[in-house]
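Trainee: the amino acid sequence is not available; the structure is as follows:
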């Protein structure tokens, strides 16, 4: 329901239901939250990424209306500006930075679930539609690895995943997630040669499950579970760690569960700050 992205040693958390203009940053080295200038417009169920020292907020509900608008925060000048709007309004989609561009896919509108996708090139300032996913998805997870996008789970039939190759502008269906691991609102993030899938829900059950996908071999490997189940999961990599923000148990985003994972210890560690 909120936006989470990371850069320059900070995790940026924006908007969210009940806190539509909130903007805070978490600094792991000092274990502290830092307030930032509020969002220019109330926004939630949006997507967020950082590219070239700029934080992009895309789509979602803006002033309670489904939107294709983009707000851009310059981390250096600490100022907001309007970005080029997407071609389609979407909420509960996913966004990933890959090869200097921003890719967005899936999501919801009042007309239903989307399979469409588009890419933003900051060099031209334009959004361009790309090939649609093979399935409509919202509340799913997406990550980039070696020039390819990987979409996992979400509100879609079956334990499905698929991969987008920008060089061919085509999606390919991948081996399914582990049996019984179909889930919504999960998080995915790339660290090294692996993509980590964490948390989410099956019906109303909050999951502790963590799975690793290795794109080079197209194999799934389970790892020890998280310490607590997590719905509405958001993950970023920072300082060679995975940080997981969980919007399950509190309204205020920066009071939610924050876990961290280091590849060497293979366990998620709870942070209570």
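Mentor: Cool, the structure landed. Values in this document were obtained by computation on a predicted structure and should not be read as measured data. Numbering: from 1, shown residues only.
Trainee: tell me where the model's unsure across the stretch 51-200 of the chain.
Mentor: In the prediction, the stretch 51-200 of the chain carries residues with pLDDT under 70 at positions 157-159, 177-182.
Trainee: repeat that for 50
Mentor: 180 (pLDDT under 50).
Trainee: list the residues that contact the most far-flung residue of the chain relative to its centre.
Mentor: Largest separation from the mean C-alpha position in the chain: residue 77, at 24.8 Å (CA atoms, centre = their mean). Contacts here follow CB atoms under 8 Å, 6 or more residues apart in numbering; on that basis residue 77 touches nothing. From N, CA and C alone the C-beta is placed, and that goes for glycine too.
Trainee: that one falls within a helix, correct?
Mentor: No. Remark: residue 77 does not belong to a helix; assigned using DSSP: H, G, I helix; E, B strand; the rest coil, it is coil.
Trainee: right, and residue 165 touches residue 172 too?
Mentor: Yes. Counting by CB atoms under 8 Å, residue 165 does reach residue 172; the two are 7.1 Å apart.
Trainee: and the contacts of stretch 197-204?
Mentor: Counting contacts by CB under 8 Å, 6+ apart, the residues outside stretch 197-204 that touch it are 141, 152-153, 177, 180, 182-189, 206-213, 226, 229-231, 233, 235, 242, 244, 246.
Trainee: in three-state terms, how would the nearest residue to residue 38 once chain neighbours are set aside be classified?
Mentor: The shortest distance from residue 38 to any non-neighbouring residue, by CB to CB, 6 or more residues apart in numbering, is to residue 21 (4.2 Å). Classification of residue 21 into helix, strand or coil gives coil, according to three-state DSSP.
Trainee: and residue 21, how far from residue 76?
Mentor: The gap separating residue 21 from residue 76 is 22 Å, by CB to CB, to the nearest Å.
Trainee: between these two, which one's more packed in?
Mentor: When neighbours are counted by other CB atoms under 10 Å, residue 21 and residue 76 differ, and residue 21 comes out ahead with 15 against 8.
Trainee: need the contact list for that one.
Mentor: When contacts are counted by CB under 8 Å, 6+ apart, residue 21 touches 15, 38-39, 41-43.
Trainee: give me the element residue 48 is part of.
Mentor: Residue 48 is part of strand 47-51, with elements assigned from DSSP states H and E.
Trainee: redo the contacts of residue 21 as JSON lines? Include neighbour count.
Mentor: Formatted as JSON lines, the entries for the contacts of residue 21 read as follows, by neighbours: other CB atoms under 10 Å:
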{"residue": "15", "neighbour count": "28"}
{"residue": "38", "neighbour count": "15"}
{"residue": "39", "neighbour count": "22"}
{"residue": "41", "neighbour count": "17"}
{"residue": "42", "neighbour count": "16"}
{"residue": "43", "neighbour count": "27"}
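Trainee: could you pull up the residues touching residue 45?
Mentor: The contact partners of residue 45, taken as CB under 8 Å, 6+ apart, are 1, 17, 59-61, 91-92, 108.
Trainee: what is the neighbour count of the residue lying closest to it once chain neighbours are set aside?
Mentor: With CB to CB, 6+ apart as the measure, residue 91 is the residue that lies nearest to residue 45, at 4.0 Å, once sequence neighbours are left out. The criterion is other CB under 10 Å. On that basis, residue 91 has 23 neighbouring residues.
Trainee: with residue 121 instead?
Mentor: The criterion is other CB under 10 Å. On that basis, residue 121 has 14 neighbouring residues.
Trainee: still on that earlier bit, tell me the spacing between the residue farthest from the centre of the chain and residue 31.
Mentor: Going from residue 77 to residue 31 by CB to CB gives 27 Å.
Trainee: same deal with residue 121?
Mentor: According to CB to CB, residue 121 stands 37 Å off from residue 31.
Trainee: ok, residue 214 to residue 175 distance?
Mentor: In this structure, residue 214 and residue 175 are 11 Å apart, going by CB to CB.
Trainee: all set now, cheers.
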